[in-house]
Structure formats: structure tokens, C-alpha cells
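Need coordinates for the following:
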Amino acid sequence: MARDIENRNDLLLLVTKFYEKLLGDDNINFIFTDVAQIDLKHHLPVLVDFWDAILFQSDTYRKNAMQPHLDLHMKSPLQKHHFEIWLRYFKESVDENFEGEIAFLAKERATSIATVMQIKVSQLG
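All right, here's what the predicted structure looks like:
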């Protein structure tokens, strides 16, 4: 049996495996590489901070997570299938590496985040 998500090292493993999946899929990777032009070395620690705050109520993330995605949508519209792919890979990454209460919570929060973000970008037109 896999163990639960317990700390920042676990979160780093999770987001690293997650981004391997995202960047390996031509249906979505262009958003990260061409449009957002993310630097993974810089981006992964930010994601760890974000999930640390979401799952462990740490005080590590103080940015507005929504605004960069709204800005991104204006450059290259985020479609329903992008959110579905994102969520599928996130849940797969959790399930392949972790099992337990926090892992379940991570998937629930990811579902909520994807849903809210999809609603927000759809309101932009």
C-alpha cells in the first residue's frame, strides 16, 4: 500500500510527476511551454508552496493563483478539455504515488480548483 502525502518532499514528487505527464501530452503541453513559457525550476517550488498551503494550511503561498490563469486564457483560450486533461493527470499522479486522507483531499481540492477556474475563464468569453 502506498503512503499518504505527508510533507513538502511528497508535494515536490507529486508536482514533478504531474508535470511530466502534462508536458508529455501534445494536447496541453503547448500551454505550459509556448504560451506560459514556464521555467519548471522556478515553477515547481511555487506549486509546492501552493499545495502546501491548500493541504497543510501552511503560510507558504501568498499569491493570487487565479490571475495568471485568467491572463493565460486571454493569450490562448483554456478549453474544457484542457481542464479535463489537467485534472486527469493530477489525479493519476496522486493515485500512482500516494494513498490516504491527504491524497484524497488533494484530488478533491484539484477538482474544485479546476471547476472554479473553468467557470472564471468562461466568464471572460
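
Residue 65 and residue 99: what is the separation?
Using Cβ to Cβ, to the nearest Å, residue 65 is found at 26 Å from residue 99. For the C-beta atoms, the positions are set from N, CA and C on the backbone; glycine is no exception.

And for residue 43?
26 Å.

all helices for this protein, in order.
8-23, 29-30, 40-56, 66-75, 80-97, 101-124 (DSSP state H).

Go through those and name the closest to residue 2.
helix 80-97 (6.5 Å; Cβ to Cβ).

Return the angle between stretch directions for the helix or strand bottoming out on mean pLDDT in the chain and helix 80-97.
The helix or strand of the chain with the lowest confidence, counting by mean pLDDT, DSSP states H and E, is helix 66-75 at a mean of 86. Angle, helix 66-75 to helix 80-97, by axes from the mean of the first three to the mean of the last three Cα atoms, to 10 degrees: 130 degrees.

Extract the C-alpha set from helix 66-75 and format it as CSV.
The C-alpha trace of helix 66-75 is given here as CSV (Å, rounded to 0.1, in the frame of the first residue of the first chain):
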residue,chain,number,x,y,z
MET,A,66,-6.3,32.7,-10.4
GLN,A,67,-5.0,35.9,-12.1
PRO,A,68,-2.1,34.3,-14.0
HIS,A,69,-4.5,31.7,-15.4
LEU,A,70,-7.0,34.4,-16.4
ASP,A,71,-4.2,36.2,-18.2
LEU,A,72,-3.1,33.0,-19.8
HIS,A,73,-6.7,32.4,-21.1
MET,A,74,-6.6,35.8,-22.8
LYS,A,75,-3.5,34.7,-24.7
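
name the helices or strands packed onto it?
The contact analysis (3 or more Cβ pairs under 8 Å, 6 or more residues apart in numbering; DSSP states H and E) places helix 66-75 against helix 101-124.

The helix it packs on: which residues count as buried?
For helix 101-124, a neighbour-count test (16 or more other Cβ atoms under 10 Å) marks 102, 103, 105, 106, 107, 110, 113, 114, 117, 118, 121 as buried.

can you give me the angle it makes with helix 66-75?
50 degrees.

where's residue 21 relative to residue 89, distance?
Residue 21 is 4 Å from residue 89, by Cβ to Cβ.

quick one: low-confidence parts of this protein?
Confidence mapping of the chain against pLDDT under 70 gives the ranges 1, 125.
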